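In: sequence and computational prediction follow.
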Amino acid sequence: MPDHPLDDALREWLPRLRRFALWLTRETSSADDLVQATLERALSRWSSRREDASLRSWLFAILYRQFLDGRRRAQRHAWLLGRLRAEEEPQAPSAEREAMAHSMLQAFGRLSAEQRSLLLWVTVEGLSYQEVAQILDVPIGTVMSRLSRARAALRRLGDGETTIVPLRVLK
């Protein structure tokens with residue numbers, strides 16, 4: 001079986017491609033993989049190669065692009081693994097956060113039942129203002145103002161104020 005001229009041309013550049021790949025990767029196995037990927041790309045794209053272009057520069061350009069693409073993939077992969085690993089590691093809450101959460105829960109418990117229910121419906125259950133207005137059979141503006149007062153009362157109680165502003169009953 002006679003050798004094809006393309007095979008001879010590629011074989012001529014193999015040692016130089018491998019030397020360049022070894023210089024880039026600093027590992028023998030990675031350099032061999034890079035040269036193999038380069039040759040695969042060159043053979044699959046042989047028909048798109050410009051005839052006036054030098055085979056040497058074309059092969060080295062392919063090798064270098066393959067190297068850069070591999071580094072980008074590795075960085076993306078490392079970033080994703082870092083994100084996954086960071087989420088898996090349990091983090092103990094700080095003492096300050098625990099104390100703040102405890103004081104906010106105490107403050108929430110000291111709110112009136114109407115204010116607690118409004119806050120729970122909107123923030124925990126995710127109901128819209130319109131849905132809460134339908135539940136209470138009041139206009140949506142009333143829900144918004146009551147919710148605003150409930151949030152302000154919770155902030156005041158969370159900051160350490162002990163007075164609770166009662167709701168006004170309008171007739």
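Out: Right, received. Where do you want to start?
In: just the local confidence number for residue 86, please.
Out: Looking at residue 86, its pLDDT is 58.
In: same check, this time on residue 169
Out: Reported pLDDT for residue 169: 68.
In: try residue 164
Out: Listed pLDDT for residue 164 reads 55.
In: which helix or strand contains the spatially most central residue of the chain?
Out: The centre of the chain sits closest to residue 83, judged by Cα atoms, centre = their mean, with a distance of 7.4 Å. Using DSSP states H and E, residue 83 maps to helix 55-88.
In: after that helix, which helix or strand is next?
Out: Immediately after helix 55-88, counting by DSSP H and E, sits helix 95-110.
In: show me the contact partners of that following helix.
Out: Contacts to helix 95-110, defined as Cβ atoms under 8 Å, 6 or more residues apart in numbering, come from residues 93, 116, 119, 154, 157-158, 164. Backbone N, C-alpha and C define where each C-beta goes, glycine included.
In: re the thing from before, so for the helix holding residue 83, what gets flagged as buried?
Out: Residues 58-60, 62-63, 66-67, 70 are the ones in helix 55-88 that count as buried (16 or more other Cβ atoms under 10 Å).
In: same deal with stretch 99-112?
Out: 107-108, 111.
In: so which of these comes closest to residue 14?
Out: Relative to residue 14, the closest of those is residue 108; by Cβ to Cβ it sits at 72.5 Å.
In: next one, pLDDT for the closest one please.
Out: For residue 108, the pLDDT comes out at 83.
In: got it, and residue 70?
Out: pLDDT, residue 70: 90.
In: residues in contact with it?
Out: Residue 70 neighbours (Cβ under 8 Å, 6+ apart): 34, 37.
In: how does this protein divide up, domain by domain?
Out: What automatic domain parsing lists as the domains of the chain is 5-88, 95-158.
In: for the protein, which spans come out with low pLDDT?
Out: 1-5, 52-53, 85-91, 162-171 (pLDDT under 70).
In: apply 90 and report the result again.
Out: Scanning the chain for pLDDT under 90 picks out 1-13, 24-26, 42-59, 61, 73-128, 131-137, 153-171.
In: thanks a lot, catch you later.
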